[in-house]
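Asks: generate coordinates for the sequence data below:
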Amino acid sequence: MLRTTVYLPDQLKQALARVSAETGISQALLIRWGVRLSARRYAAPLSPFGVV
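Replies: From the prediction side, this is the model:
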């Protein structure tokens, strides 16, 4: 795993802290989930013939 720095607007950071406190899920894990969801949404669709 690699370490990185993310700059968040105050409102987004507050929302992240609130969700983390309410769910008991670490802020780091919530961020990783969000990045994974975004990456999947914007990934190129797979060809029915495999990687082209």
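Asks: ok, and the helix or strand in the protein with the lowest average confidence?
Replies: Using mean pLDDT, DSSP states H and E, the weakest-scoring helix or strand in the chain turns out to be helix 27-42, at a mean of 91.
Asks: and that one, what does it pack onto?
Replies: On a contact count with 3 or more Cβ pairs under 8 Å, 6 or more residues apart in numbering; DSSP states H and E, helix 27-42 meets helix 10-23. To be clear about C-beta, it is placed using only N, CA and C from the backbone, and glycine gets the same treatment.
Asks: compute the inter-axis angle for the helix it packs on and helix 27-42.
Replies: Taking axes from the mean of the first three to the mean of the last three Cα atoms, to 10 degrees, one finds helix 10-23 and helix 27-42 inclined to each other by 110 degrees.
Asks: and helix 10-23, what does it pack onto?
Replies: Helices and strands touching helix 10-23, by 3+ Cβ pairs under 8 Å, 6+ apart, are helix 27-42.
Asks: any buried residues in the helix it packs on, and which?
Replies: Residues residue 30 are the ones in helix 27-42 that count as buried (16 or more other Cβ atoms under 10 Å).
Asks: ok now that helix, how far from the chain's centre?
Replies: Remark: helix 27-42 is offset 2 Å from the chain centroid, using Cα atoms, centre = their mean, to the nearest Å.
Asks: pull the CA atoms of that helix into PDB?
Replies: Provided in PDB are the C-alpha atoms of helix 27-42 (Å, rounded to 0.1, in the frame of the first residue of the first chain):
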ATOM      1  CA  GLN A  27     -11.500   7.700   7.500                       C
ATOM      2  CA  ALA A  28      -8.800   6.000   5.500                       C
ATOM      3  CA  LEU A  29     -11.000   3.100   4.600                       C
ATOM      4  CA  LEU A  30     -13.900   5.400   3.700                       C
ATOM      5  CA  ILE A  31     -11.600   7.300   1.400                       C
ATOM      6  CA  ARG A  32     -10.300   4.100  -0.200                       C
ATOM      7  CA  TRP A  33     -13.900   2.900  -0.800                       C
ATOM      8  CA  GLY A  34     -14.800   6.200  -2.400                       C
ATOM      9  CA  VAL A  35     -11.800   6.100  -4.700                       C
ATOM     10  CA  ARG A  36     -12.600   2.500  -5.600                       C
ATOM     11  CA  LEU A  37     -16.200   3.400  -6.500                       C
ATOM     12  CA  SER A  38     -15.100   6.300  -8.600                       C
ATOM     13  CA  ALA A  39     -12.500   4.300 -10.400                       C
ATOM     14  CA  ARG A  40     -15.000   1.600 -11.200                       C
ATOM     15  CA  ARG A  41     -17.600   4.100 -12.500                       C
ATOM     16  CA  TYR A  42     -15.100   5.700 -14.800                       C
END
